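Peer 1: Coordinates for the following, if possible.
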Amino acid sequence: MIIVLKPRTTEENVSRVVHLIENKGLDTHIVRGSEMTIIGCIGDTTAVDPKLFEVDSSVDKVMHVQEPYKLANRAFHPENSVIDVSGVKVGGGHMAMIAGPCSVESYEQVLEIARAAKASGANMLRGGAFKPRSSPYSFQGLGLEGLDILCAVKDEVGLPIVTELMSDKYLDIFSEKVDLIQIGARNMQNFDLLKQLGQVKRPILLKRGLNATYEEWIMAAEYVMAAGNENVILCERGIRTFEAFTRNTLDLQSIPVLNRKTHLPVVIDPSHAGGKWWLVEPMAKAAIAAGADGLIIEVHNNPECALCDGAQSLKPAKFDTLMRQITQIAQVVGKTL
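Peer 2: Numbers count the residues shown, from 1 in each chain. Here you go, the predicted model:
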């Protein structure tokens, strides 16, 4: 249930309506916009008569929300959320350009890639320290050593770092060192982990599960938000379909759909979607044209020898060319880097 207050409602009247709602056993979430104030009612509203609120002189209207998600719902928060990642804004016209290797292999490797990516216009550095792999015999990442390398490169180059958290075992150290904590597709519905992420102050990059519906994906974000952390960015990375030629199928429709359903920023990962480097450029450009709030792209200085996912990585020169094209498209659709 959403209660829309009349324009220029005083704080005293807002508090009175909130008190009335809470007396009915509901929690509240207040959104103050430039034109109006909205109060979201969180809890079991089925037994609450909306007329109890409609009679209040400060209430303009009462609306029922059909979807099970509340805090992530655009009806609760009509304006686009802008997430601050250590000074880099994402959403509301601000774009995230996240680039770097799939896996951290060495300090020299990450430093060279980070310098090239930043020179091309990237504003965040990605790199896998812990790698969830389908095979237990594949390279699993350098672990905490890899995280230390990312932090050292961050200090040298000045880009905020993005890396995947796989276990709550490392939650404290990630909360301390990582600017944007990534939750991978396989952990999208790890509800215990999502609840714990609600207690950290770092923003979360939540990737879509391999077979997740839009509602399941948004509900995963709702878990984080309901636990106290509303700084969530959604990342579409392709879903599993019957098609075997590409690694996954990139769902570009997710961009306008999510922009209608939620206020959270939407970032696209064209690298994992196709699994082939030559698909990254057209899908990245299409994503920005469709209204994405950013991209996360794998860049490697020697992809032929990469320890992980070299086939879907761009070389720095290719990434530089792509960035120049993306900048032009972004200007057309009203986005800025």
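Peer 1: just the helices in the stretch 51-200 of the chain please.
Peer 2: With helices called from DSSP state H, counting those that start in this stretch, the stretch 51-200 of the chain shows them at 51-54, 107-120, 144-157, 171-177, 191-197.
Peer 1: okay if I get those helices as CSV plus distance to Phe242 and mean pLDDT?
Peer 2: For glycine as for every other residue, the C-beta is placed from the backbone atoms N, C-alpha and C. Output for the helices of the stretch 51-200 of the chain, formatted as CSV (distance: least, CB to CB, whole Å; pLDDT from 0 to 100):
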stretch, distance to Phe242, mean pLDDT
helix 51-54, 49, 88
helix 107-120, 35, 98
helix 144-157, 35, 97
helix 171-177, 36, 97
helix 191-197, 29, 97
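Peer 1: mind checking which of those is nearest Ser313?
Peer 2: Closest approach to Ser313 among the helices of the stretch 51-200 of the chain (CB to CB): helix 107-120, 9.5 Å.
Peer 1: hmm, who's touching that closest one?
Peer 2: Outside helix 107-120, the residues within contact range by CB atoms under 8 Å, 6 or more residues apart in numbering are 99-101, 104, 125, 127, 149-150, 152-153, 156-159, 299-301, 316, 319-320, 323.
Peer 1: try it again with 6 Å
Peer 2: The contact list for helix 107-120 (CB atoms under 6 Å, 6 or more residues apart in numbering) reads 99-101, 104, 125, 127, 149, 153, 157, 159, 299, 301, 316, 319-320, 323.
Peer 1: And the helices of the stretch 51-200 of the chain: which comes nearest Phe245?
Peer 2: helix 107-120 (28.1 Å).
Peer 1: Distance from the closest one to the middle of the chain?
Peer 2: Relative to its chain's centre, helix 107-120 lies at 23 Å (CA atoms, centre = their mean, to the nearest Å).
Peer 1: got it, and stretch 125-132?
Peer 2: The chain centre lies 16 Å from the centre of stretch 125-132; the measure is CA atoms, centre = their mean.
Peer 1: ditto for stretch 211-221
Peer 2: 13 Å.
Peer 1: So, low pLDDT: which residues of the stretch 201-337 of the chain?
Peer 2: Along the stretch 201-337 of the chain, no part satisfies pLDDT under 70.
Peer 1: 90 - rerun?
Peer 2: For the stretch 201-337 of the chain, the stretches with pLDDT under 90 are 305-310, 337.
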